[in-house]
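Visitor: Quick one: sequence and predicted model below, then my questions.
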Amino acid sequence: MSIEQTFGIIKPNAVQDGNIGNILSAIEKAGFTLRGMRMARLTPELCRGFYAEHVHKGFYPELEAFMTEGPVVLLCLEGENAILRWRELMGATDPAKAAEGTLRKLYGQNMGRNATHGSDSPDSAAREVSYFFSAFDRI
Ligand code: RTP
Ligand code: MG
């Protein structure tokens, strides 16, 4: 058994559409423990640091414009195999290809406006949790 922490974001489109509650409810029903949660409005600088691996890709300007257009909810989730299980609950990056019942299928609009973010590995989970949460914020 491996208890992990992972990092999630409820992205601007899901906040604008009034789906914070639905997504938090799915997280609780799936058995995650919420260790950190905060609303924020990302700045371009914060977004560049967060998406360092994507900054030089063609889609990055569109990604930054979207992620900074309105408030987001930052999450630290804990549970058994939390990193993989949170990715499974979200579904595929492209909502059109995401499985029925997944968060991106339910609340995503397209490849960019895809409702949620989740860390993709133990290294990125550790980096992303500490990028946005101090130890004091994780309770
Ligand atoms: P995320 O990081 O947001 O959880 O998504 P992911 O791992 O499934 O996808 P990733 O490859 O890390 O891409 C990060 C976000 O960039 C947008 N994207 N757009 N237009 C495109 O080709 C494209 N590719 C990626 C998506 O919003 C994706 O979530
Ligand atoms: Mg990613």
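Guide: Happy to help now that I have it. Residues are numbered from 1 along each chain as shown. Ligands and ions are numbered 1, 2, ... in the order given.
Visitor: Identify the residue spatially nearest to Glu4, adjacent ones excluded.
Guide: Nearest residue to Glu4 in three dimensions, chain neighbours excluded: Ala82, at 4.3 Å (Cβ to Cβ, 6 or more residues apart in numbering). Just so you know, the C-beta spots here come from the backbone N, C-alpha and C atoms, and that holds for glycine as well.
Visitor: What distance do you get for the one you found to ligand 1?
Guide: As for Ala82, its distance to ligand 1 is 14 Å (criterion: Cβ to the nearest ligand atom, to the nearest Å).
Visitor: Give me the neighbour count for that residue.
Guide: Ala82 has 26 neighbours, counted by other Cβ atoms under 10 Å.
Visitor: Now do the same contact list for it.
Guide: 3-6, 32, 125 (Cβ atoms under 8 Å, 6 or more residues apart in numbering).
Visitor: Tell me the buried residues within these.
Guide: With burial judged by 16 or more other Cβ atoms under 10 Å, the buried subset of the contacts of Ala82 is 4-6, 32, 125.
Visitor: which ones among the residues you listed are found in helices?
Guide: With DSSP state H as the criterion, helices contain Ala125 from among the buried ones among the contacts of Ala82.
Visitor: Tell me the one of the buried ones among the contacts of Ala82 nearest Cys47?
Guide: Closest approach to Cys47 among the buried ones among the contacts of Ala82 (Cβ to Cβ): Ala125, at 18.4 Å.
Visitor: dump the residue contacts of the spatially closest residue to Thr43 that is not a sequence neighbour.
Guide: With sequence-adjacent residues excluded and distances taken as Cβ to Cβ, 6+ apart, Thr43 is closest to Thr68, at 6.6 Å. Residues in contact with Thr68 (Cβ under 8 Å, 6+ apart) are 41-44, 47.
Visitor: Since that was my last question, I'll sign off now.
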